[in-house]
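Colleague: prediction below, plus the sequence it came from.
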Amino acid sequence: MGSPTDSTVKHSSSVLCKVVAIFLLLAAVTAFTVWLVYRPHKPRFRVVGAAIYNLNATAPPFISTSMQFTLVTRNPNKRVDIIYDKLSAYVSYRNQQITPPIVLPPLYHETKSTVALSPVLGGVPVPVSAEVVNGLVMDESYGVVNLRVVLLGKLKWKAGAIRTARYGVYVKCDVWVGFKKGFVGQVPLLGAPPCKVDI
């Protein structure tokens, strides 16, 4: 037969367990409510302009390029800002990089805002395969070149005074540009669907 002290200890333990359970339940409900209110949506990116100043694939195994792409990014969130850092950009063709990566400045992206980026990419010869050189020569002869603009970096979500940890962001923008060898300057965008954003 247990003593009154044992009964009191059991009762106290039972009350403590119930209080902890209620506290955890309330914390979970609060966290879920905050998530519903502030859950961040991915930013949206799209290429809206392109210029090619140099695209020289006549000296394999190197290619020399100078290009500029204008990307527009939209923060669709009503309550969450986006902070980008460690952003870099490059261009690839047939899954091979044809420009060296360049570092972009940090970007603070406020709620429901749109920001334009216009990095100039290239300038330094990059080693490429014969497949890339031959493909570019063929595409230039047709007047349509399919390129991919890639952005890599980190982002944080910010809601009021709350900031999340950094998340990796990977943006892939496939574009089809009208380009013939010898042409320099703005080129028509023949296709530029919304970019794919992975976080």
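Modeller: Right, received. Where do you want to start? Numbering: from 1, shown residues only.

Colleague: mind checking what secondary structure residue 141 has?
Modeller: helix (DSSP: H, G, I helix; E, B strand; the rest coil).

Colleague: quick one: contacts for it?
Modeller: For residue 141, the contact set (CB atoms under 8 Å, 6 or more residues apart in numbering) comprises residue 181. Glycine gets a C-beta too; all of them are placed from N, C-alpha and C.

Colleague: measure it to residue 184 for me?
Modeller: Residue 141 sits at a distance of 17 Å from residue 184 (criterion: CB to CB, to the nearest Å).

Colleague: ok, residue 111 next?
Modeller: The value you get for residue 111 to residue 184, if CB to CB is used, is 39 Å.

Colleague: now stretch 54-74: average pLDDT?
Modeller: Across stretch 54-74, pLDDT averages out at 88.

Colleague: in it, what counts as buried?
Modeller: 55, 57, 63-69, 71-74 (16 or more other CB atoms under 10 Å).

Colleague: residues in contact with residue 147?
Modeller: 67, 91, 92, 93, 174, 175, 176, 177.

Colleague: who does the helix or strand hosting the second one pair up with?
Modeller: Think residue 91. Using DSSP states H and E, residue 91 sits in strand 81-93. The pairing partners recorded for strand 81-93 under DSSP bridges are strand 96-97 (antiparallel), strand 102-103 (antiparallel), strand 107-109 (antiparallel), strand 144-159 (antiparallel).

Colleague: which helix or strand lies directly C-terminal to the lowest-mean-pLDDT helix or strand in the chain?
Modeller: Sorting the helices and strands of the chain by mean pLDDT, DSSP states H and E puts helix 4-38 at the bottom, at a mean of 69. As assigned by DSSP H and E, the chain's next helix or strand after helix 4-38 is strand 44-59.

Colleague: quick one, that following strand and strand 81-93 angle?
Modeller: Strand 44-59 runs at 30 degrees relative to strand 81-93, counting by axes from the mean of the first three to the mean of the last three CA atoms, to 10 degrees.

Colleague: quick one: distance of the helix or strand following strand 44-59 to the chain centre.
Modeller: As assigned by DSSP H and E, the chain's next helix or strand after strand 44-59 is strand 62-74. For strand 62-74, the separation from the chain centroid amounts to 15 Å (computed by CA atoms, centre = their mean, to the nearest Å).

Colleague: neighbouring strands for strand 62-74, and are they parallel or not?
Modeller: strand 44-59 (antiparallel), strand 114-117 (antiparallel), strand 120-122 (antiparallel), strand 126-127 (antiparallel).

Colleague: how far away from the center of its chain is the second one?
Modeller: Translated: strand 114-117. 13 Å.

Colleague: give me the residues contacting that strand.
Modeller: 48, 70, 71, 72, 73, 74, 75, 89, 104, 107, 109.

Colleague: try 6 Å
Modeller: Under the contact criterion CB atoms under 6 Å, 6 or more residues apart in numbering, strand 114-117 has outside partners 71, 72, 73, 74, 109.
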